[in-house]
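Trainee: Provided below are the primary sequence and the corresponding predicted coordinates.
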Amino acid sequence: MRILIIGGTRFIGPAVVARLSAMGHQVIVFHRGESEAELPPGVRHLHGDRQRLGEFMEEFRRLAPDVVLDMVPFTQRDAQVVVATFLGVARRLVALSSQDVYRAYGRFHGTEPGPPEPVPLAEDAPLRGRLYPYRGSGRGLDDYEKILVERAAIGDGLLPGTVLRLPMVYGERDYQRRLSLELKRMDDGRPAILLEERFARWRWTRGYVENAAAAIALAVSDERATGRVYNVGEAEALSYADWVRAIGQVAGWTGEVRVVSDGRLPPQLRPPAGDYQQHLVADTSRIRQELGYIEPVPRYEALRRTIEWERAHRPDWNPRLFDYAAEDAVLAELARGVH
């Protein structure tokens, strides 16, 4: 197959490109050229801005891709332009979405009224009623909305499409550094990592980058995915405490996870704001049953690779994120029996 990828040079993209190339597909990557990842030989680069796709119509028609994979459709307009551009040019579109489309995410962030949603969340679970979840946050994501991306990508059926709802993805090249805060504490020899009780029990679906790439490549290459929406992620969502323990085991950490009562920690040691009674666990059985998806990399090996990369690419963290004196004070009180 001839596959045109929009984006694909930052975090998840290089793993997807490598897998599709290894499967024998012809891959063309359309990107701005700002991050030239090491991609397999034979992969063609086409430099351009996705906001100006129309300027490349002749080139796209000449390439005649079988499938277009959009790695970075953030807004409704992003998806609409892709559909309009490749209608009559490509046979199929695969668009990456997020599990933040579910109403449970609104419950977690306090933007959707009501009790916690039951989990796991299947693909037909209720979606958020309030659009634009990050508008006004100052993060440059005012028009970000994956619900509208999904509607544009597969809603009208003009260009047959597939949507993949990704989880929290970790691994090599992760610019959000999902493991770094815990790993730094471990590598600094901290005797314990403190977690408040509700946060310690909280579960969130995760996925290793190579495993997410395998799911994406499968959906791109298997026409049975046409017209379908799939959750992607690990079959078992660990609690946050067990997630930290798993990192520690692989990292060779000899400390322990100490769980304290909610509100026990000083403000600077508490978890980010959120309703941790609302778990964010996705049901990923559909892609396994319909397409035969199986993670190629087990969790232990995924963590080993991620930790190795993190240790080789340590970020410059703000020291205020690591208040070890405050942690020691809490640990001392716990040792004295003060709860």
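Mentor: Received the coordinates, thanks. Numbering: from 1, shown residues only.

Trainee: what about R92, neighbour count?
Mentor: Close neighbours of R92, defined as other CB atoms under 10 Å, add up to 22. C-beta coordinates here come from the backbone N, C-alpha and C atoms, glycine included.

Trainee: phi and psi next, for it.
Mentor: Main-chain dihedrals, R92, degrees, to the nearest 10: phi -160, psi 150.

Trainee: so where do the helices sit in the stretch 201-339 of the chain?
Mentor: 209-221, 240-251, 285-291, 299-312, 324-335 (DSSP state H, counting those that start in this stretch).

Trainee: wait, doesn't I294 sit right on R288?
Mentor: Yes: applying CB atoms under 8 Å as the test, I294 and R288 come out as touching, 7.1 Å apart.

Trainee: out of those two, which sits in the more crowded spot?
Mentor: R288 (14 against 11).

Trainee: tell me the pLDDT of the more buried one.
Mentor: We have a pLDDT of 99 for R288.

Trainee: what of the one 5 residues further on?
Mentor: Residue-level confidence at Y293 comes out at 99, pLDDT.

Trainee: grab the nearest non-local neighbour of it.
Mentor: I287 (4.5 Å; CB to CB, 6 or more residues apart in numbering).

Trainee: ok, L93 - contacts?
Mentor: Neighbour list for L93: 67-70, 82-83, 86, 153-154, 159-162 [criterion: CB atoms under 8 Å, 6 or more residues apart in numbering].

Trainee: out of these, list just those in strands.
Mentor: 67-70, 161-162 (DSSP state E).

Trainee: circling back to that earlier point, rebuild the helices of the stretch 201-339 of the chain as CSV, extending it with distance to L4.
Mentor: Shown next, in CSV, are the helices of the stretch 201-339 of the chain (distance: least, CB to CB, whole Å):
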stretch, distance to L4
helix 209-221, 11
helix 240-251, 36
helix 285-291, 21
helix 299-312, 28
helix 324-335, 49
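
Trainee: nearest to G274, out of those?
Mentor: Ranking the helices of the stretch 201-339 of the chain by proximity to G274 (CB to CB) places helix 240-251 first, at 11.4 Å.

Trainee: just how off-centre is that closest one within its chain?
Mentor: Relative to its chain's centre, helix 240-251 lies at 19 Å (CA atoms, centre = their mean, to the nearest Å).

Trainee: who does the helix or strand of the chain with the lowest mean pLDDT pair up with?
Mentor: For the chain, the helix or strand with the lowest mean confidence is strand 44-47, at a mean of 93 (criterion: mean pLDDT, DSSP states H and E). With DSSP bridges as the test, strand 44-47 is paired with strand 26-31 (parallel).

Trainee: pLDDT on the partner strand, on average?
Mentor: Mean predicted lDDT for strand 26-31 stands at 96.

Trainee: with adjacent residues omitted, what lies nearest to G292?
Mentor: L218 (7.9 Å).

Trainee: number of residues surrounding R77?
Mentor: 14.

Trainee: and the gap between it and L63?
Mentor: Using CB to CB, to the nearest Å, R77 is found at 23 Å from L63.

Trainee: what's the answer for D70, then?
Mentor: 15 Å.

Trainee: report pLDDT for G136.
Mentor: 85.

Trainee: three-state assignment of the closest residue in space to it that isn't next to it in sequence?
Mentor: Take G136 and drop its neighbours on the chain: the residue closest to it by CB to CB, 6+ apart is D142, 7.0 Å away. Three-state call for D142 (DSSP: H, G, I helix; E, B strand; the rest coil): coil.

Trainee: so who does D142 touch?
Mentor: So D142 contacts 132, 134-136 (CB under 8 Å, 6+ apart).
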